[in-house]
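**Student:** coords please:
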Amino acid sequence: MIPVMTQNMTIKQKAAPKAVTRKKTAPKAAQKSLPLDNILKGDCIELMNSLPEKSVDVIFADPPYNMQLKGELHRPDNSHVDAVNDSWDQFSGFDAYDKFTRNWLTAARRVLKDTGTIWVIGSYHNIYRVGSIIQDIGFWVLNDIVWRKSNPMPNFRGTRFTNAHETLLWCNKGEGFNKYTFNYEAMKAFNDDVQMRSDWLLPICSGSERLKVNGHKGHSTQKPEALLYRVLLSSTNKGDVVLDPFFGSGTTGAVAKKLGRHFIGLEREDKYIKLATDRIKDIEPLEGDIIEITPAKRSLPRVAFGTLIENGMIKPGTILFGPGKRHAAKVRADGTLISADSKGSIHQVGASVQNAPSCNGWTFWNIEVNDNLIPIDHLRAEVRANMN
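**Tutor:** Numbering: from 1, shown residues only. Next up is the predicted model:
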C-alpha cells in the first residue's frame, strides 16, 4: 500500500520512499527528487516552482471559481444552503483573479512534461477567463468536456436556469506537442464499444462519498471520484505522476492511488490536508493486470493477412464470408482475395462487394468454423499474442 505523507516547503525535495517505473522523457535526477504520494503544504505557485522542470505527466486543477457570492442562500423552507463562500474563493476583482490564474498556469506549464496534459475544471463564473489565459500562455485545447450533473443543485431563487454543468478544459503544452497520452481504445471499451463523447453525465458528490466534519461538508467543492476516474483513465498510464495544485479533499489522490498512479498534492490549509490524508490512507490500490490499459490499435505490432496463411491459420482456397454470408470471396496463395467481380486485398475486395469507398477487411471478413462465423481479426489477435 502506498503511504500518504504530508510535507512543508522546507523538505519538499525529499526522495520518494520506493522506486517506480517512469517515462524516459524526464531526467532521472528530477524523478528521484519528486515527492511522490505526498501532500505538500504551502502556496501552489511557490511549490510548483520548487519542483523539477518537466517532471509530471498530468495535472488536474480545480482552482477557485471566484463565484462572487453575496449573502446567504436559503431553500424555500428557509433552511440554509452550504454554498461556496470560503475565503480562498474570494478575490478583490477580475484583475486579481486573472493575475493569480496566469501565475499558477505558468508554473504548471513549467513542471508539465512535453508529453503531458493538463485538465482544468470550472464553472461559468471563471472558465472563460481561465480558457483565454490558457491559450495566451501557449497551451493547446484538445477538448472541452461538459460534465452534466444528473442531480444538480436547484436554483432556489428562481431567477435563472438551474446551473447543471461544469466545464473541463483538456490541453497539451502547445500546438505540435502531440505525443500526449489518450487511451482511446480503453475509453471506447469503457463506453460499451462506442466512442466516448465530450459530454459526461455524472452525479455530483453526495451520500456516503461526501466527506463530513462534525456533520458539515468537509470541503465545499468536493468532486466525485467518478469524474476523476474518467480523467485519469483516459489520459494516464500505470505509474504516471499526477499533480493537483488545489488538492482540497484529495479526490485526485484517492483515484490516482486506486488506479496505480502516483500523485503530488499541493494544499495550504491544514484542515484539508488532514481530510485528504485520512481519506487516501484507506484506499486499497488495484494491482496487477486489472489496471492495464487497452492499448491503441496503432501501437500494436502490424500483422499482414499473409501471416495467417504462412502460419496455416487460413489455407489458400478457404472461403471467407461477410456478415450474414451475404458476400463471399476465396483466399489465394499470395494473400489476396477473389470474388465474383473483383480481386485484391481483404480491404479492396471488401469495399468492392459492398460498393463502398473503403472497408476494414479485418472486421468485415469471417472464417466459418463449426457452422459459426469467426472474424479473421480474432486470428490476428492470436498472432499478436504469440509475439509477446
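
**Student:** how about the helices in the chain?
**Tutor:** 28-32, 44-50, 94-111, 127-136, 184-190, 225-235, 251-258, 270-281, 305-310, 346-354, 361-364, 376-387 (DSSP state H).

**Student:** right, so those helices: which one is the most enclosed?
**Tutor:** helix 251-258 (a mean of 26; mean count of other Cβ atoms under 10 Å). (C-beta placed from N, C-alpha, C; glycine too.)

**Student:** Ignoring the adjacent residues along the chain, who's closest to residue 348?
**Tutor:** residue 342 (7.1 Å; Cβ to Cβ, 6 or more residues apart in numbering).

**Student:** Ramachandran angles for the one you found?
**Tutor:** phi -150, psi 170 (degrees, to the nearest 10).

**Student:** re earlier: and the helices of the chain: which comes nearest residue 245?
**Tutor:** helix 44-50 (4.0 Å; Cβ to Cβ).

**Student:** Tell me the helices and strands packed up against that closest one.
**Tutor:** Judged by 3 or more Cβ pairs under 8 Å, 6 or more residues apart in numbering; DSSP states H and E, the packing partners of helix 44-50 are helix 94-111, strand 262-267.

**Student:** could you dump those to a markdown table with distance to residue 318 and mean pLDDT?
**Tutor:** As requested, the helices and strands packed on helix 44-50 are exported to a markdown table (distance: least, Cβ to Cβ, whole Å; pLDDT from 0 to 100):
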| stretch | distance to residue 318 | mean pLDDT |
| --- | --- | --- |
| helix 94-111 | 56 | 96 |
| strand 262-267 | 50 | 98 |
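
**Student:** Please identify which of those is closest to residue 191.
**Tutor:** strand 262-267 (25.2 Å).

**Student:** Outside of that closest one itself, list whatever touches it.
**Tutor:** The contact list for strand 262-267 (Cβ atoms under 8 Å, 6 or more residues apart in numbering) reads 2, 16, 20, 34-42, 44, 47-48, 51, 56, 239-248, 250, 252-253, 256-257, 273, 276.

**Student:** So among those residues, which ones count as buried?
**Tutor:** 2, 16, 20, 34-42, 44, 47-48, 51, 56, 240-248, 250, 252-253, 256-257, 273, 276 (16 or more other Cβ atoms under 10 Å).

**Student:** what about the spatially closest residue to residue 228 that is not a sequence neighbour, distance to residue 152?
**Tutor:** Among residues not flanking residue 228 along the chain, residue 255 sits closest, at 4.1 Å (Cβ to Cβ, 6+ apart). For residue 255, the distance to residue 152 equals 22 Å [Cβ to Cβ, to the nearest Å].

**Student:** just residue 295 next, same as before
**Tutor:** 37 Å.

**Student:** and what of residue 144?
**Tutor:** Taking Cβ to Cβ, one finds residue 144 at 19 Å from residue 152.

**Student:** Next: residue 218.
**Tutor:** Relative to residue 152, and taking Cβ to Cβ, residue 218 is found at 20 Å.

**Student:** more crowded one of the two?
**Tutor:** Neighbours were counted for residue 218 and for residue 152 using other Cβ atoms under 10 Å; residue 218 has more, 20 against 14.

**Student:** That one reaches residue 212, doesn't it?
**Tutor:** Yes. Counting by Cβ atoms under 8 Å, residue 212 is a contact partner of residue 218 at 5.9 Å.

**Student:** sorry, back to before: give the contact list for the residue nearest to residue 348.
**Tutor:** Counted by Cβ under 8 Å, 6+ apart, residue 342 has contacts 348-349, 352-353.

**Student:** Over to residue 224?
**Tutor:** With Cβ under 8 Å, 6+ apart, residue 224 has these contacts: 202-205, 209, 251.

**Student:** switch the cut-off to 6 Å
**Tutor:** If you count contacts by Cβ atoms under 6 Å, 6 or more residues apart in numbering, residue 224 has them with residue 205.

**Student:** Where does pLDDT dip in the stretch 51-200 of the chain?
**Tutor:** Scanning the stretch 51-200 of the chain for pLDDT under 70 picks out 67-91.

**Student:** Can I get the helices and strands packed on helix 44-50 in a markdown table including distance to residue 382?
**Tutor:** Shown next, in a markdown table, are those (distance: least, Cβ to Cβ, whole Å):
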| stretch | distance to residue 382 |
| --- | --- |
| helix 94-111 | 43 |
| strand 262-267 | 35 |
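
**Student:** separation between the most far-flung residue of the chain relative to its centre and residue 366?
**Tutor:** Each residue of the chain has a distance to the centre, and by Cα atoms, centre = their mean the biggest one is for residue 340: 47.7 Å. In this view, residue 340 and residue 366 are 18 Å apart by Cβ to Cβ.

**Student:** Equivalent analysis for residue 347, please.
**Tutor:** Counting by Cβ to Cβ - residue 347 and residue 366 are separated by 15 Å.

**Student:** Look up the closest residue to residue 122, ignoring the ones flanking it.
**Tutor:** Closest to residue 122 by Cβ to Cβ, 6+ apart is residue 130, at 5.5 Å.

**Student:** Verify the contact between the one you found and residue 121 for me.
**Tutor:** No. Counting by Cβ atoms under 6 Å, residue 130 stays clear of residue 121, with 9.4 Å between them.

**Student:** For residue 45, see how far away the closest residue to residue 110 other than its chain neighbours is.
**Tutor:** Of all residues not flanking residue 110 in the chain, residue 53 sits nearest, at 5.6 Å (Cβ to Cβ, 6+ apart). In this view, residue 53 and residue 45 are 15 Å apart by Cβ to Cβ.

**Student:** Residue 106 too?
**Tutor:** 8 Å.

**Student:** again, but for residue 371
**Tutor:** Using Cβ to Cβ, residue 371 is found at 67 Å from residue 45.

**Student:** One more: residue 328?
**Tutor:** According to Cβ to Cβ, residue 328 and residue 45 sit 66 Å apart.

**Student:** same check, this time on residue 254
**Tutor:** Separation of residue 254 from residue 45 (Cβ to Cβ): 24 Å.

**Student:** Also residue 51?
**Tutor:** Here the criterion is Cβ to Cβ. By it, residue 51 lies 11 Å from residue 45.
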